[in-house]
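>>> Can you look at this prediction? I've put the sequence above it.
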Amino acid sequence: MKIKEFKGLGVFRGLMFRKIDPNILYVFNFAKPGKYPIHTFFVKDTIDVAWFDKSGIIDIKTVKPWKPYVTHKGKALGFCECKSGNLIF
């Protein structure tokens, strides 16, 4: 699986309006630990999301399109997203 990291304005757009490649893990990193909720407006496919901190995965969720707000347990340093069914640890 390839990795694509989002930076700058790409973090705000994320997977909106994109065709999600099932062979890519999309990664979002942040400088400080915190709450990093997501939404799936304009995301065409169901996705798997894993939030992580410096110790590893802290929460995993499967999210359907058009969900307005999805958050996680604890404080994260980032999260990764992929097409549902492709997130394997």
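Received the coordinates, thanks.

>>> For the rest of this, base every contact and every neighbour count on C-alpha atoms.
Noted.

>>> In three-state terms, label the residue nearest to G78 when sequence neighbours are not counted for me.
With CA to CA, 6 or more residues apart in numbering as the criterion, G78 has its nearest non-adjacent residue at 4.4 Å, and that residue is N29. On the three-state scheme (DSSP: H, G, I helix; E, B strand; the rest coil), N29 is labelled strand.

>>> If I look at N29, what pLDDT would I see?
On pLDDT, N29 comes in at 93.

>>> in this protein, which spans are helices?
For the chain, helices defined by DSSP state H occupy the ranges 10-13.

>>> can you name the farthest residue from the center of it?
S55 (17.5 Å; CA atoms, centre = their mean).

>>> Contact partners for the residue nearest to the spatial centre of the chain?
Residue closest to the mean C-alpha point of the chain, counted by CA atoms, centre = their mean, is E81 at 3.4 Å. Counting by CA atoms under 8 Å, 6 or more residues apart in numbering, E81 touches 25-27, 47-50, 87.

>>> Which of the residues you listed fall within strands?
25-27, 47-50 (DSSP state E).

>>> tell me the contacts of the closest residue to K2 other than its chain neighbours?
Nearest residue to K2 in three dimensions, chain neighbours excluded: I24, at 4.7 Å (CA to CA, 6+ apart). Contacts for I24 (CA under 8 Å, 6+ apart) come out as 1-4, 82.

>>> Ok, F6 next?
Each residue near F6 by CA under 8 Å, 6+ apart is listed here: 14, 26-29.

>>> quick one: the strands in the protein?
Assigned by DSSP E, the chain shows strands spanning 2-6, 24-34, 47-53, 56-63, 76-83.

>>> Just send these back as CSV, with distance to Y69 too.
Below are the strands of the chain laid out as CSV (distance: least, CA to CA, whole Å):
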stretch, distance to Y69
strand 2-6, 20
strand 24-34, 16
strand 47-53, 13
strand 56-63, 10
strand 76-83, 15
